[in-house]
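*Asks:* Fold the following, please.
(one chain, ligands or ions: 1)
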Amino acid sequence: MKLCIIGTGYVGLVSGACFSDLGNDVICVDKDINKIKNLKKGVIPIYEPGLEELVKKNYKSGRLVFTSDLKEAVSKSNIIFICVGTPTKKNSYGADLNQIYSVAKEISSYIKSSKIIITKSTAPLTTGDKIEKIISKKVKKKLFSVVSNPEFLREGEAIRDFIYPDRVVIGTSNKRSNRILKSLYSPLISKGAKYFNTSRRGAELIKYASNAFLATKITFINEIANLCEKTDVNVEDISIGMGLDKRIGGRFLRAGPAYGGSCFPKDTRAIFDTAKKFKSDLSIIKSVIKSNENRSKLLLVRVSNILKNKIKNKKITFLGVTFKANTDDMRESSSLKMIPSLAKKGAIIKYYDPTGTKKEFQNLKNVFFSQNIKSACDDADLIIICTEWNDFKSLNFKSLSKKKNFIIFDMRNILSQERIKKDKIKYFGIGR
Ligand code: UGA
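*Replies:* This next block holds a predicted model:
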């Protein structure tokens, strides 16, 4: 099939690379001319395991093309995916849909033959209705259909999640579009993905409800972890014990710092905002947002307690600063709240991240990037494991540190408590 993907961010680039790898002709379009130039040279703008190889392979085969010429891309394709960003608006919980609507307006000038227009961007309820309205100002309704096809891939696992999704959700009442999209996704369906056709608004809400539910699950276990800390119970036992009930399921029950990233914080806010517009109160999601926003403060109080309220001049090392492992993404990472706050209180911060130095900390006084784990840890009073990179899971901290008495605060519970105990290191985890 001939596909046009508008926007080469996470969802767009991964979808483009994977669809072309499945044998489709894909044109990826982006307004950013530099990005397109780089992509043609095989320079990938994001850190995502396996993506560079996949892009290069399919670009070389000619099935994956990069351009900034939207008109040509639209006219050469039958299926158009809109994969542009939907960030949170300034001073509001709502999603900023300007990019989506301006793409809809622009492509409406180029549609001269039958097209299926799909939103893969995370777009709130009724966005599809508005896109249809915009396009129908210039194009006859029988020439196009607007479909919602939300994407459920995770950063760091994007390719695997795209190729082996639990489900493919297609929101359309248009039988022809449904048939064509079922055929586009047939290689994934034959590998076990469930295909679910629903209404367009239904698909839009499934995406937000799913992210909000997962965010709720994480926040729930984080609050249970707080209780565990006060009652000498191990939260991991609780996650396992709860997860063994198939109705609950064990995934996304890992307690840790506040959830972050470009999706859960933004999407919980957006669904709450959308519901408000429809005079519906999502009180659970409201509490989740609040609890998560409060979590970094709570963990900072714990850091302060661990250091017996003496933060000034203490050497604190952060291992991992991205919002989770296997990504270089800093968006809404809890390190963005914790590091500046501790530095302000006089701590001397070193941080190490496998994805390198971060511009977010460049201008902060007393915050330094370390080139390797050893130099980050050797003179630390407190080592905070903030991101669950594999690189940190089997470290011999005793041999890393020059100090006799240092403390580890493992915010991801990745270290073996038994081993740490054997090494006689003072250790704190989350809910353990
Ligand atoms: C999330 C969803 O998992 C994807 O299904 C969805 O497609 C994506 O958002 C999106 O809407 O684009 P992502 O943000 O890449 O994916 O990352 P997750 O793996 O879901 O992690 C999000 C946050 O929750 C991270 O900060 C992570 O550390 C945290 N988390 C996750 C926990 O604290 N505990 C867990 O058990 C799981």
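
*Asks:* So which bits of the stretch 201-350 of the chain are right by the ligand?
*Replies:* 211, 214, 218, 252-254, 256, 259-261, 263-264, 323-324 (Cβ under 6 Å from any ligand atom). Yep, even glycine has a C-beta here, placed from its N, CA and C like the rest.

*Asks:* Partner strands of the helix or strand I383 falls within, with direction?
*Replies:* Using DSSP states H and E, I383 falls within strand 382-385. Looking at strand 382-385 with DSSP bridges, its partner strands are strand 315-319 (parallel), strand 407-410 (parallel).

*Asks:* Of the residues of the stretch 201-350 of the chain next to the ligand, which belong to helices?
*Replies:* Among those, the members falling in helices (DSSP state H) are N211, L214, I218, F264.

*Asks:* The last one: how many residues sit nearby?
*Replies:* When you say that, I think you mean F264. 23 (other Cβ atoms under 10 Å).

*Asks:* Please report phi then psi for the closest residue to Q371 other than its chain neighbours.
*Replies:* Spatial nearest neighbour of Q371, excluding adjacent residues (Cβ to Cβ, 6 or more residues apart in numbering): Y352 at 7.8 Å. Here is the backbone geometry of Y352 (degrees, to the nearest 10): phi -130, psi 140.

*Asks:* partner residues bridging Y352?
*Replies:* Applying DSSP bridges, one finds that Y352 bridges with L319.

*Asks:* Surely W389 is in contact with I373?
*Replies:* No: at 9.9 Å, W389 does not count as touching I373 under the criterion of Cβ atoms under 8 Å.

*Asks:* quick one on the thing from earlier: now mean pLDDT and mean neighbour count too, for the strands paired with strand 382-385, in a markdown table please.
*Replies:* Output for these, formatted as a markdown table (pLDDT from 0 to 100; neighbours: other Cβ atoms under 10 Å):
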| stretch | mean pLDDT | mean neighbour count |
| --- | --- | --- |
| strand 315-319 | 98 | 26 |
| strand 407-410 | 98 | 22 |
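
*Asks:* Can you name every helix or strand that the strand or helix carrying M242 contacts?
*Replies:* For M242, the host element (DSSP H and E) is helix 235-243. Contacts defined by 3 or more Cβ pairs under 8 Å, 6 or more residues apart in numbering; DSSP states H and E place helix 235-243 against helix 200-231.

*Asks:* Point out where the stretch 301-432 of the chain drops to low pLDDT.
*Replies:* Scanning the stretch 301-432 of the chain for pLDDT under 70 picks out no residues.

*Asks:* from it, which residue is nearest to the ligand?
*Replies:* K324 (3.7 Å; Cβ to the nearest ligand atom).

*Asks:* OK, contacts around that residue?
*Replies:* E155, G156, G260, G261, T387, E388 (Cβ atoms under 8 Å, 6 or more residues apart in numbering).

*Asks:* of these, buried ones?
*Replies:* E155, G156, G260, G261, T387, E388 (16 or more other Cβ atoms under 10 Å).

*Asks:* Kindly format the C-alpha coordinates of the strand holding I383 as PDB.
*Replies:* Taking Å, rounded to 0.1, in the frame of the first residue of the first chain, the C-alpha atoms of strand 382-385 are listed here in PDB:
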ATOM      1  CA  LEU A 382      24.300   9.300  48.600                       C
ATOM      2  CA  ILE A 383      23.700   7.500  45.400                       C
ATOM      3  CA  ILE A 384      20.200   7.800  44.000                       C
ATOM      4  CA  ILE A 385      19.200   5.300  41.300                       C
END
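
*Asks:* list the contacts for K314?
*Replies:* Contacts of K314 (Cβ under 8 Å, 6+ apart): L307, G346, A347, I348, D381, L382.

*Asks:* Please repeat the previous calculation with a cut-off of 6 Å.
*Replies:* Counting by Cβ atoms under 6 Å, 6 or more residues apart in numbering, K314 touches L307, A347, D381.

*Asks:* Can you report how many residues lie near the last one?
*Replies:* Right, the one you point to is D381. Look at D381: counted by other Cβ under 10 Å, it has 20 neighbours.

*Asks:* For it, give its distance to L70.
*Replies:* According to Cβ to Cβ, to the nearest Å, D381 stands 55 Å off from L70.

*Asks:* looking at it, L70 is touching V29, isn't it?
*Replies:* Yes: between L70 and V29 there is a contact under Cβ atoms under 6 Å: 5.2 Å.

*Asks:* Measure how the helix holding M242 sits relative to helix 200-231, angle-wise.
*Replies:* Put simply, helix 235-243 runs at 140 degrees to helix 200-231, going by axes from the mean of the first three to the mean of the last three Cα atoms, to 10 degrees.

*Asks:* Bridged to L382, which residues?
*Replies:* I316, I407.

*Asks:* That one reaches F318, doesn't it?
*Replies:* No: using Cβ under 6 Å as the test, L382 is too far from F318 to be in contact (9.7 Å).

*Asks:* any residues in contact with both of these two?
*Replies:* Common neighbours of L382 and F318 (Cβ under 6 Å, 6+ apart) do not exist.

*Asks:* What's the separation between I36 and I6?
*Replies:* Distance, I36 to I6, by Cβ to Cβ: 12 Å.

*Asks:* For these two, indicate the residue with more neighbours.
*Replies:* The neighbour count for I36 versus I6, taken as other Cβ under 10 Å, is higher for I6 (28 against 18).

*Asks:* isn't that one right next to I82, touching?
*Replies:* Yes: with contacts counted by Cβ under 6 Å, I6 reaches I82, the gap being 5.3 Å.

*Asks:* list residues touching both of the two?
*Replies:* In contact with both I6 and I82: V103, using Cβ under 6 Å, 6+ apart.

*Asks:* hmm, back to that, just the closest of the contacts of K324 to I414, please.
*Replies:* The shortest approach to I414 among the contacts of K324 belongs to E388, at 5.1 Å (Cβ to Cβ).

*Asks:* sec struct for the closest one, please.
*Replies:* coil (DSSP: H, G, I helix; E, B strand; the rest coil).

*Asks:* What helix or strand is the residue lying closest to Y47 once chain neighbours are set aside located in?
*Replies:* Spatial nearest neighbour of Y47, chain neighbours left out: D328 (3.8 Å); criterion: Cβ to Cβ, 6+ apart. When elements are assigned from DSSP H and E, D328 belongs to no helix and no strand.

*Asks:* oh, and call the first residue 262 from now on, that's how I've got it
*Replies:* Yes, from this point I'll number from 262; that puts the last item at D589.

*Asks:* so how far is A476 from D589?
*Replies:* D589 is 22 Å from A476, by Cβ to Cβ.

*Asks:* now E418
*Replies:* 17 Å.

*Asks:* Does stretch 645-658 reach the ligand?
*Replies:* No: Stretch 645-658 lies out of reach of the ligand by Cβ under 6 Å from any ligand atom, never closer than 7.2 Å.
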